[in-house]
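Colleague: Any chance you can model this:
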Amino acid sequence: MSSIKLTIDPITRVAGHLGMTATVDTNTRQVVSNQAYTYVTMFRGFEVFLRGRQPPDAVHITSRSCGVCGAAHANGSLRANDMALGAVPYPLGHTLRNLAYAMTDMIYDHLIILNVLEGPDFSAQVMQTYYPSCWQTAQQTKAEHSDIHGFSTIADIMTALNPFSGWLWVHAVKAQILAREAGVLIYGRHSHPSMLIPGGIGTDLSVGESLFTQYMYRLTTLTAMAKVVIAAWMDLANFLIDNCDYQYQGLTYSAPTYISSYGFESPELYSSLGESYDEIYKNYDSLAQTASEGPQTVFRATIVRNGELLSKSFIDLNVGQLEFVNSSYYHDWAHITSPFTETDPLGNKLAWGLTESDGTPLYMYHPWNKTTIPNPQAMNFMDKYSWDAEPRLSWKDGTMWPYETGPWARLHAVAHYHPNSPIVKNGKISITLPTISEIPSWLPSGSMAEWTVEWEPPNYSTTLSRILGRAVDIAAAVFTAWDNLQYGLE
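Modeller: Residues are numbered from 1 along each chain as shown. From the prediction side, this is the model:
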C-alpha cells in the first residue's frame, strides 16, 4: 500500500485552534483505518478560572469561549443559573432572550458559516479548478428556485460564492450586520451579551416600542435574505447530490446517531417551571410535552442511536452524559478527586449507576463531577495529543458511544419524532416565511413573496445534509423571531 500523510493545521474556517491529520491510501483514496486524528492545540481553561466565582459570573465568562457563538455559551450558563438559583424569568424576559438568540446565534451565525466559511468550497473558483466536469454541468443546469434567489443556473450560484466578490459572499457579510444589530438591541452587545442575567434579562424597556420597531425593521430584510440563501443552497446541494457524487460525501454514521436538546423554549412554559432547582429540573420535559398559549418550544430533547429512538427526555440526556480524557492533556480526575454528586436532583443515578471494568463508578466522568487538571506533555497519537476531551453518552444497557449534534440533528429529531413541533407538518420540516412588502434594492424581488420551506431531513448525516440543515435552521430562527416578536408586542 502506498500512502500519504495529510495534515491540516490550523483548520482556519472552522476553529483556529483545531487541527487534523490522516493517513490516506493513494490507491483507494480512503483514510487508512484508525489513522485519523483531530486535536485541539490550545488550552482554554474556562473550568479552571471559573472556580470560586459566583455562579452568575459564568454567563459572561463562558461567552468568551468564542467570538462568533459567544451567546450560545452565555445562554447555556444562563439556563444552568436559572435552574440552580430557582429563578426563571417572566414570560417577556424569556421572549426577549428568544428574540436575541434567534438573531445572534442562528441567523447571523448561519449566514456567515454557509456563505463565507463553507460556501467558498463550492464556489466557481474551486469547482473550475478541482472539479471541471461538475462545473461544466452546472453551467448547463437551470436553478429550480431562480424565481426566489434570482440565479439562472447552478453555475451562477457557485459564482455567487466566490470569496470577496460573489453576491452571496458579499451580501451575507452585509446581512449579518443587520442580525447583530437586532441582537444588540436586546443584548446590549455582541458577541458577549452584557444584558443576560439569571432570572431575566437587563434590557431597558423604557424605549420598548422603539426597540421592537427597530428589531422588526431588520427582521423583515433578513426574512427576505433567508429565502434567497435557503433557496440557493437547496438548488446547489440537490445538484451536487444528483450530478457530482456528493450524496454520501462526509458521511458520519450509516444510521442516525445523535442527541438534540431544547431550543427556543415556550416563554409561558419556561416561566412556569418552578421556584427551586429540583422542581425546575423535574419539570423541564414539560417544555416539549405541554401546549401553551404563547410561542411553542421549537426543538425538543431526543436521543437516537443507530436509527433507534432511545428517549425524548431531558433527564435521560443529562443522566447519561460522560466526558473522558484518555487522549487529552489532563489528569484523570476520577481516581484523585471526590464526587460532587452521585445522582441528579431527582435521585437518578448518574451514568445509570454503571462502573468501569476496574470498579471505577462512571458517574465520576459525568460533567457535574469533572475537575479539569491540566497535564501538558509532548504530542503522542498513541497516548495524549489534544487539549480537547472526549464526550460520550452512556445508556442503561451499559453501552456508550460518541454522538452528533447540530442543525441536521435537531431538525431530524423534530421531523421524525416530535410531530407537534410548530415547524413540523406530515413528517417534514415545514416553515412558512411571510410576505415582505418592501425590501432594499440589493435583494431580488422574488424574495418578497410568501414561501413555505419544506425539507425532510435524510436518515444520514453527510456534508450536504448538514449544510442543508444549517440553511433550513435559518428558517426556524426566522419563524421563532416573528412568533416571539408578535407575542412580545402583545
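
Colleague: end to end, how far does stretch 149-163 reach?
Modeller: End-to-end distance for stretch 149-163: 19 Å, by C-alpha to C-alpha, to the nearest Å.

Colleague: Could you give me the buried positions within it?
Modeller: Buried residues in stretch 149-163, defined by neighbour count with 16 or more other C-beta atoms under 10 Å: 149-151, 153-162. Backbone N, C-alpha and C define where each C-beta goes, glycine included.

Colleague: Bridged to residue 343, which residues?
Modeller: Beta bridges link residue 343 to residue 349, judged by DSSP bridges.

Colleague: That one contacts residue 349, correct?
Modeller: Yes: the pair residue 343 / residue 349 is scored as a contact, 5.7 Å apart, by C-beta atoms under 8 Å.

Colleague: what number of residues lie near residue 202?
Modeller: By other C-beta atoms under 10 Å, 14 other residues sit near residue 202.

Colleague: Quick check: closest non-adjacent residue to it.
Modeller: Excluding the flanking residues, the one nearest residue 202 by C-beta to C-beta, 6 or more residues apart in numbering is residue 195, at 4.1 Å.

Colleague: Let me know how buried the one you found is, in neighbour terms.
Modeller: By other C-beta under 10 Å, neighbour count at residue 195 equals 18.

Colleague: Test my guess that residue 285 contacts residue 302.
Modeller: No: at 11.6 Å, residue 285 does not count as touching residue 302 under the criterion of C-beta under 8 Å.

Colleague: Neighbour count for the two, which is higher?
Modeller: When residue 285 and residue 302 are compared for neighbours, residue 302 comes out ahead with 27 against 18, by other C-beta under 10 Å.

Colleague: Name whatever forms a beta bridge with the more buried one.
Modeller: Per DSSP bridges, the residues bridged to residue 302 are residue 260.

Colleague: now it: how far from residue 358?
Modeller: Per C-beta to C-beta, to the nearest Å, residue 302 is found 33 Å from residue 358.

Colleague: Point out where the stretch 301-450 of the chain drops to low pLDDT.
Modeller: Along the stretch 301-450 of the chain, no part satisfies pLDDT under 70.

Colleague: which stretches of it form strands?
Modeller: Using DSSP state E, counting those that start in this stretch, the strands of the stretch 301-450 of the chain run over residues 302-305, 308-311, 321-324, 390-394, 400-401, 424-425, 428-433.

Colleague: Name the strands paired with the longest one and say parallel or antiparallel.
Modeller: Strand 428-433 has the following strand partners under DSSP bridges: strand 424-425 (antiparallel), strand 451-455 (antiparallel).

Colleague: The stretch 301-450 of the chain: helices as residue ranges?
Modeller: 314-319, 407-417 (DSSP state H, counting those that start in this stretch).

Colleague: Show me the residue at the heart of this structure, geometrically.
Modeller: residue 406 (4.1 Å; C-alpha atoms, centre = their mean).

Colleague: which residues are in contact with both of residue 285 and residue 302?
Modeller: residue 312 (C-beta atoms under 8 Å, 6 or more residues apart in numbering).

Colleague: Once you drop chain neighbours, what's closest to residue 224?
Modeller: Closest to residue 224 by C-beta to C-beta, 6+ apart is residue 447, at 3.9 Å.

Colleague: and the one you found, what does it touch?
Modeller: Contacts here follow C-beta under 8 Å, 6+ apart; on that basis residue 447 touches 148, 149, 224, 225, 227, 228, 436, 439.

Colleague: Could you work out the most separated pair of the residues you listed?
Modeller: Pairwise distances across the contacts of residue 447 (C-beta to C-beta) peak at 14.4 Å, for the pair 149 and 436.

Colleague: contacting residues around the nearest residue to residue 419 once chain neighbours are set aside?
Modeller: Leaving aside its chain neighbours, residue 419 sits nearest to residue 427 (7.2 Å; criterion: C-beta to C-beta, 6+ apart). Neighbouring residues of residue 427 by C-beta under 8 Å, 6+ apart: 415, 416, 419, 456.

Colleague: which residues touch the last one?
Modeller: Contacts for residue 456 were tallied using C-beta under 8 Å, 6+ apart; they are 415, 427, 428, 429.

Colleague: Let's have those in a markdown table, adding distance to residue 9.
Modeller: Below are the contacts of residue 456 laid out as a markdown table (distance: C-beta to C-beta, whole Å):
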| residue | distance to residue 9 |
| --- | --- |
| 415 | 36 |
| 427 | 42 |
| 428 | 40 |
| 429 | 36 |
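
Colleague: Any of those buried? List them.
Modeller: 415, 428, 429.

Colleague: TSV please, covering those and showing distance to residue 452.
Modeller: Below are these laid out as TSV (distance: C-beta to C-beta, whole Å):
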residue	distance to residue 452
415	15
428	10
429	10
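
Colleague: Only the buried residues of stretch 470-486, if you could.
Modeller: By neighbour count with 16+ other C-beta under 10 Å, stretch 470-486 contains the buried residues 470-485.

Colleague: can I assume residue 339 is in contact with residue 360?
Modeller: No: the pair residue 339 and residue 360 fails to qualify as a contact (C-beta under 8 Å) at a distance of 11.1 Å.

Colleague: neighbour count winner among these two?
Modeller: Between residue 339 and residue 360, counting by other C-beta under 10 Å, residue 339 is the more crowded of the two (16 against 13).

Colleague: what number of residues lie near the closest residue to that one other than its chain neighbours?
Modeller: Spatial nearest neighbour of residue 339, chain neighbours left out: residue 369 (4.7 Å); criterion: C-beta to C-beta, 6+ apart. If you count neighbours by other C-beta under 10 Å, residue 369 ends up with 22.

Colleague: Pretty sure residue 369 sits against residue 362.
Modeller: No: Residue 369 lies out of contact with residue 362 (C-beta under 8 Å); the separation is 9.9 Å.

Colleague: shared neighbours, the two?
Modeller: Listed contacts common to residue 369 and residue 362 are residue 350; contacts here mean C-beta under 8 Å, 6+ apart.

Colleague: What is the longest helix belonging to the chain packed up against?
Modeller: In the chain, taking DSSP state H as the definition, the longest helix is helix 208-243. Helices and strands touching helix 208-243, by 3 or more C-beta pairs under 8 Å, 6 or more residues apart in numbering; DSSP states H and E, are helix 132-139, helix 146-149, helix 154-160, helix 167-187, strand 428-433, strand 451-455, helix 463-489.

Colleague: Show me which residues of that helix are buried.
Modeller: For helix 208-243, the neighbour count (16+ other C-beta under 10 Å) marks 211-212, 215, 218-241 as buried.

Colleague: next one: stretch 409-421
Modeller: 409, 410, 411, 412, 413, 414, 415, 416, 417, 418, 421.

Colleague: what about the spatially closest residue to residue 42 that is not a sequence neighbour, neighbour count?
Modeller: Leaving aside its sequence neighbours, residue 42 sits nearest to residue 17 (C-beta to C-beta, 6+ apart; 3.7 Å). For residue 17, the neighbour count with other C-beta under 10 Å is 16.

Colleague: Also the one 4 residues further on?
Modeller: Under the neighbour criterion other C-beta under 10 Å, residue 21 is assigned a count of 16.

Colleague: Helix or strand: which one has it?
Modeller: Residue 21 belongs to strand 18-25 when elements are defined using DSSP states H and E.

Colleague: which residues touch that strand?
Modeller: Outside strand 18-25, the residues touching it (C-beta under 8 Å, 6+ apart) are 1-11, 30-32, 35-41, 381.
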